[in-house]
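>>> Attaching a predicted model along with its sequence, questions to come.
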Amino acid sequence: MKPLIETRGLTKVYPDGTVALRDVSLRVHPGEVHGLLGENGAGKTTLTKILSGLLPPTSGEIRWRGEPVRFRSPREALRRGIGMVHQHFALVGPFTGLENIALGAEGGGALGPLRASTVRGRLERIMDESGLRAPLDVPVETLPVGVQQRVEILKMLYRDVELLILDEPTAVLTPQEAEELFETLRGLKAQGRTVIFITHKLKEVMEITDRITVLRGGRVVASLETREATPEKLSTLMVGREVVSEARRPRKATEPGEPVLTVRDLCVRGESGLRAVDGLSFEVRAGEVFAVAGVQGNGQTELVQALTGLRPFQGDVQVLGRSLKGLLPGEIGALGVAHIPEDRRKMGLILPFTVAENSVLGLQRFPRFRGALGRLRWRRIYGHARTLIEAFSIQAPGVRAPAAALSGGNQQKLVVGRELSKSPRLVIAAHPTRGLDVAATQYIRDLLARLRDEDVAVLLVSADLDEVFQLADRIGVMYEGRFTGIAPADALDRETVGLLMGGLPLEEALRARARARGSGEGSP
Amino acid sequence: MDFAILLVTVLPVALRVMVPIALAAIGEVFAERAGVVNIGLEGILVISAFFAVVGADAFGSPWAGLVAGVLAGLGVGLLHALLSIYLKGDQIISGVGINLLGLGLVGFGAVVLWGSRSFQVPNALWVPGIPVPWGSVSPLVIVTVLAAPFTWWLLHKTAFGLRVKAVGENPEAADVVGVPVERVRLLAVLYGAALAGLGGAALSLDWTHTILNTLPAGRGFIALAAVVFSKLNPLLALFGGFLFGYFDALAIQLASAGGAGEEGQIPYQFVRMIPYLATLIVVAGAIGRARFPQAIAQPYRRE
Amino acid sequence: MSARLGGLRVLLEVGVALLLGLALGAVLMALWGYDPWKAYQALFQGALGDRFGIANTLSRATPLILTGLTFAVGVRAGLFNIGAQGQMILGALVAVLIGGLLDLPPGLHLPVTVLGAMLAGALWSLPAAFLKLTRGVHEVISTIMLNWIAYWFTGYVVIAYLSQGRRSLQVDPTARFPLIMAGSDLSYALLLSVLLAGLVYWALWHHVAGYELRAAGLNPEAARYGGVRPNRSLVWAFLLGGLAAGGAGAVEVLGRLPFAITNDLSNLGTLGFDGIAVALVGRNHPLGILLSAVFFGALAAGRTMMGYRAGVPFDMIQIVQGVIILAIAAPEMWRIARLRPRRARTPAAAGPAGTGTEGTEGGEGGERERERRQA
């Protein structure tokens, strides 16, 4: 069977010399769901950006239905019938669903009036055919993330794409929503469309795809039929060595100690003015990891902001007996709270600053770094930076190099190292391994486990269930600003957590799981 | 009592004064919706005012002058667009450079062409007014008043306007569906520059009938204040232009009515301060922060 | 890229910008029948041809250093403070008032006058700071309005109270800067400017407040999280800038003829705005500003000679300056943008839609880095 799209010897080298793709040959057949598997940094997104016209390849060729093609813009790719749904949705927030879908295909000349009714009519038909429904007349930024994704897909269907590329689509979905997505994809397949599905999640790739291509370090390491694959085989291919056990970090023997962080009836208003956190109560004790799980967008970000002094809140929050109300980030830090922010580039580091300057961000007023008259003690600062580099194996061109020159993993290590140099009693880690390669991810997780063993209280916020189950002693699942359930990690499994993430309260979720198990469904 | 009469008699003048401010503001609203900031409005005003006079002079007609002014505006707009959209330059610095360039260009040009730094526009080249019961109304006032709803229509009722808004909010999203981001931004900037160019031409040919390098006297920045005030709504920009124009006109009338013999006569210089103080107050009081497009003042690079 | 190569590149970019400005000036001059070669020769002669030329250059550079610092400190803090003109004017006014009207003992008169002028400049920067902090008014608009208000106010005071013919009363000899070179315009005011530049350098890179100011300017979010109060840094930036601009007014009125303010404020010229060009060319760094101020001082010093010998109106210099700024605008942003994460208008909350920038998913890397690692 002739492939729908294939690449031959595709290579992508960036101007600074990084080789993102090396001689990649990919073959996708019409009507199949093709999985593109690889860990962070393997080249998946780069490859699909090239296929969808966002980036030009350095060399190699792309063939569409056997003919060589060259895309100079996403528009050209779309014209051929290739559409991509990005991980960060390409939606214009204040626009309605209709406007977002119509943008670029308004049904008339550029200067013509908006033909809203024509667009709507066609959309209704598409929604009926595909079974995908989404509200069209509300600003998309008010829609839940799962619905936004549907708008994105509808956008592509409206343009009658033959090849739909989805980049980590389940990253923002609950397990149940992910199932719905898979249903949709099966429906698209039935319509004769082709799907490329990018992921790093083995279970998904096994479930939904027909064929899989595994990328590692910019190269294709394997291309195989899904029915011939096993999770172990795939994972070895992905990582290139013996798979590191994904098992739980061994729990330490002693019981957790006194509560370090106590939260009662926390309410936080988000950007839009609405309550993002709506009455949260929990505590984190010394020597335990309390994980806040949940799909992003349910108030986790605002929770962390409140706890770190970046956002005002109502309610009672205490660290070691001291209230955090009205305290500035610096003051909270002085109480012994360390924060590994969810976005190191935006919040953790100042990229144009040197490694040394970043190593004291938040510490700049400490007596050891600040001398008489407020003078900065550069010798001490450089020494501190060097210590961090050594202690955390940070690879950096030097302490005077701008932080921007470091790789993501090393940047994160710098942030983590700096935060830990405060000798904290409480560590708030928000998505600490996001976007990092396997080695850095391991490192950070080991570190967090070690902290727990050293009687530090760890509050982990993560959307990655693997990470949660590896590290957590107790899990609280957040949904729409509240906990749908808090329980010891032993008492929960992925499916239950999935239900909690979807809004089901704890008792009901447990009952539902019990029933499912009783009737023989659900995976062991 | 005299003061009340003054407040009313100022109106026709206010309309004339409104033209450059409002036109520049309306145009800038459109450009900023697309995500491009142009603080070089002051420079565009003076440069187009200059070329309007040159054009009128060359062809012996005020209409030719207006066209010349618009073209000059387009030229400067093109420069700004080139620097900030295609060369990914800093939009604010580009605006500052344009302002400085305008100062120098017009000063130099005036001396070179007319031997002195300022020049009086001869009567024959003034834009003729349309006679009305209370005097005359400049056709440009009408154009200005129409420009606001037209721009509003363009922005909210056409596909192009949708693209403009998209490009300002989330250029990546627009790019992905095939909207030519840079081209749309370019067109938006040109639209704004053309309107500002017309405003500059009005400044020299229609209202002050002079040209010198400090002619705009900060009105380009007052127009920016009107943009902030308008929350990027063209209709409010017109209103803002009128508001600021009113204060401007008031100051001018008060200043020229110096010998009115009022008690506590305000010194000339304080009167001249009025427009700037008024602008500060209005901008400070603008209720609620304007919501600017997410991608404003950020050059777009495809990733 | 190693630091040295980076520095070389910066020099190149600046050099190209300067050349471009001069080249365009030459083209315009030629178009209108002037002789560009003769003009630039005269320019060079007037600026650097002899002792007096050099003294003139340095003398003109003196206030430019200070107004350049005003803009540069603002940029470092993430602001566009273009209020140097107004702050300088008020500084000059206060300098004339204290220097001309008050009678102080000789050793005290000069320092007190200078301080008074600097304070005036600093105070005049506060309204803009206040408006920005409380009402979110963009400083580009507010500072321009304040410039004009200062202009008219000072004009009023000069004409109504201080006028002696075509200018205000002169500053007492005890309040004037002593000359470095007899027969020239070069006074020890230059020393003050250089010292202040050094002070700003030390403040920005060797003092905690400067660190925090730079942090807030580069990444307010991360800075806040690092214990910095961006609002405080902002006010410091405005105040420091105002101090420098006020100093520029003092330096101009106390260091050079006519030691007064002309009725139309013409002797104060556009020092404030020129400072912007000086800062941009000097890369917003005190050392660069020193060098850049000398360059622009040379332009200012030579332009009278240019007008005299080649008949070119001095507005040409402003054209050159404008072009230089435009030429600088493009590469500068490109360089900074590669390092700075795009400042999101709202914190990266849930829902990727509408933010358009990195937002979620670790926001890996800047433009290129992100592509690389998100593969």
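Now that the structure is in, tell me what you want to look at.
>>> right, and the helix or strand after the helix or strand harbouring residue A:418?
Assigned by DSSP states H and E, residue A:418 belongs to helix A:408-420. Note on helix A:408-420: by DSSP H and E, the next helix or strand toward the C-terminus is strand A:426-430.
>>> what's in contact with that following strand?
With C-beta atoms under 8 Å, 6 or more residues apart in numbering or on different chains as the contact definition, strand A:426-430 has outside contacts at A:260-261, A:284, A:300-301, A:304, A:307-308, A:319, A:336-342, A:419-420, A:448, A:451, A:456-462. (Glycine included, C-beta is placed from N, CA and C.)
>>> go again using 6 Å as the cut-off
A:260-261, A:304, A:307, A:319, A:337-342, A:451, A:456-461 (C-beta atoms under 6 Å, 6 or more residues apart in numbering or on different chains).
>>> go on, stretch A:455-474?
Applying C-beta under 6 Å, 6+ apart, the contact partners of stretch A:455-474 are A:248-249, A:260, A:284, A:286-293, A:296, A:300, A:304, A:426-431, A:448, A:451-452, A:488-489, A:494.
>>> List the ones among the contacts of strand A:426-430 that fall in strands.
Residues of the contacts of strand A:426-430 located in strands (DSSP state E): A:260, A:261, A:319, A:337, A:338, A:339, A:340, A:457, A:458, A:459, A:460, A:461.
>>> Compute the number of surrounding residues for the single nearest residue of the stretch 351-500 of chain A relative to chain C.
Closest contact between the stretch 351-500 of chain A and chain C, by C-beta to the nearest C-beta, is at residue A:435 (2.9 Å). Number of residues near residue A:435 (other C-beta atoms under 10 Å in any protein chain shown) recorded here: 25.
>>> quick one, phi/psi of it?
Here is the backbone geometry of residue A:435 (degrees, to the nearest 10): phi 80, psi 10.
>>> try residue A:296
In terms of degrees, to the nearest 10, the main-chain angles of residue A:296 are phi -60, psi 140.
>>> what does the stretch 1-150 of chain B have sitting close to chain C?
Within the stretch 1-150 of chain B, the positions adjacent to chain C are B:39, B:83, B:87-90, B:92-94, B:96-97, B:100-101, B:103-105, B:107-108, B:111-112 by C-beta under 6 Å from any C-beta of the partner chain.
>>> what helix or strand does residue A:281 sit in?
Using DSSP H and E, residue A:281 sits in strand A:275-285.
>>> Verify the contact between residue C:320 and residue C:26 for me.
No - applying C-beta atoms under 6 Å as the test, residue C:320 and residue C:26 come out as separate, 9.3 Å apart.
>>> Spatially nearest residue to residue A:283 (excluding sequence neighbours)?
residue A:259 (4.2 Å; C-beta to C-beta, 6 or more residues apart in numbering or on different chains).
>>> tally of neighbours for the one you found?
The number of residues packed around residue A:259, counting by other C-beta under 10 Å, is 18.
>>> same thing with the one 10 residues further on?
By other C-beta under 10 Å, the residues close to residue A:269 number 17.
>>> On the strand side of things, show who it bridges to.
residue A:275 (DSSP bridges).
>>> Give me the subset of the residues of the stretch 1-150 of chain B next to chain C lying in helices.
Of the residues of the stretch 1-150 of chain B next to chain C, the ones assigned to helices by DSSP state H are B:92-94, B:96-97, B:100-101, B:103-105, B:107-108, B:111-112.
>>> one step back: would you check how far apart the residue of the stretch 351-500 of chain A closest to chain C and residue A:445 are?
Per C-beta to C-beta, to the nearest Å, residue A:435 is found 14 Å from residue A:445.
>>> just checking, next helix/strand downstream of the helix or strand hosting residue C:134?
Following DSSP H and E, one finds residue C:134 within helix C:106-135. Heading C-terminal from helix C:106-135, the first helix or strand you meet, by DSSP H and E, is helix C:139-157.
>>> how about the CA coordinates for that next one, as CSV?
Only the C-alpha atoms of helix C:139-157 are listed here, as CSV (Å, rounded to 0.1, in the frame of the first residue of the first chain):
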residue,chain,number,x,y,z
GLU,C,139,5.2,56.3,31.1
VAL,C,140,5.6,57.1,27.4
ILE,C,141,2.5,59.2,27.5
SER,C,142,2.8,60.6,31.0
THR,C,143,6.4,61.7,30.7
ILE,C,144,5.8,63.5,27.4
MET,C,145,2.9,65.4,28.9
LEU,C,146,5.1,66.3,31.9
ASN,C,147,7.8,67.4,29.6
TRP,C,148,5.5,69.9,28.0
ILE,C,149,4.1,71.1,31.3
ALA,C,150,7.6,71.7,32.6
TYR,C,151,8.5,73.5,29.4
TRP,C,152,5.6,76.0,29.7
PHE,C,153,6.0,76.4,33.4
THR,C,154,9.6,77.2,33.2
GLY,C,155,9.0,79.5,30.3
TYR,C,156,6.5,81.3,32.5
VAL,C,157,8.8,81.6,35.5
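>>> is it true that residue C:221 touches residue A:347?
Yes - between residue C:221 and residue A:347 there is a contact under C-beta under 6 Å: 5.4 Å.
>>> For the residue most central in space within chain C, identify the helix or strand it belongs to.
What sits nearest the mean C-alpha location of chain C, by C-alpha atoms, centre = their mean, is residue C:68, with 2.1 Å. Assigned by DSSP H and E, residue C:68 belongs to helix C:51-76.
>>> hang on, the earlier thing: specify the angle between the helix holding residue A:418 and strand A:426-430 in degrees.
Here helix A:408-420 runs at an angle of 160 degrees relative to strand A:426-430 (axes from the mean of the first three to the mean of the last three C-alpha atoms, to 10 degrees).
>>> Helix A:408-420 - contacts with which helices or strands?
Contacts defined by 3 or more C-beta pairs under 6 Å, 6 or more residues apart in numbering or on different chains; DSSP states H and E place helix A:408-420 against strand A:337-340.
>>> which element follows the strand it packs on toward the C-terminus?
Remark: after strand A:337-340, the chain's next helix or strand is helix A:355-359, criterion DSSP H and E.
>>> CA atoms only: put that next one into CSV for me.
Output in CSV follows, covering the C-alpha atoms of helix A:355-359 (Å, rounded to 0.1, in the frame of the first residue of the first chain):
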residue,chain,number,x,y,z
VAL,A,355,24.3,31.6,36.4
ALA,A,356,25.8,33.3,39.4
GLU,A,357,23.2,36.0,39.5
ASN,A,358,20.5,33.4,39.2
SER,A,359,22.0,31.4,41.9
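>>> wait, does it contact chain C?
No - Helix A:355-359 stays clear of chain C (C-beta under 6 Å from any C-beta), getting no nearer than 7.2 Å.
>>> Buried residues, that helix. List them.
Using 16 or more other C-beta atoms under 10 Å in any protein chain shown as the burial criterion, the residues of helix A:355-359 that qualify are A:355, A:356, A:357, A:358, A:359.
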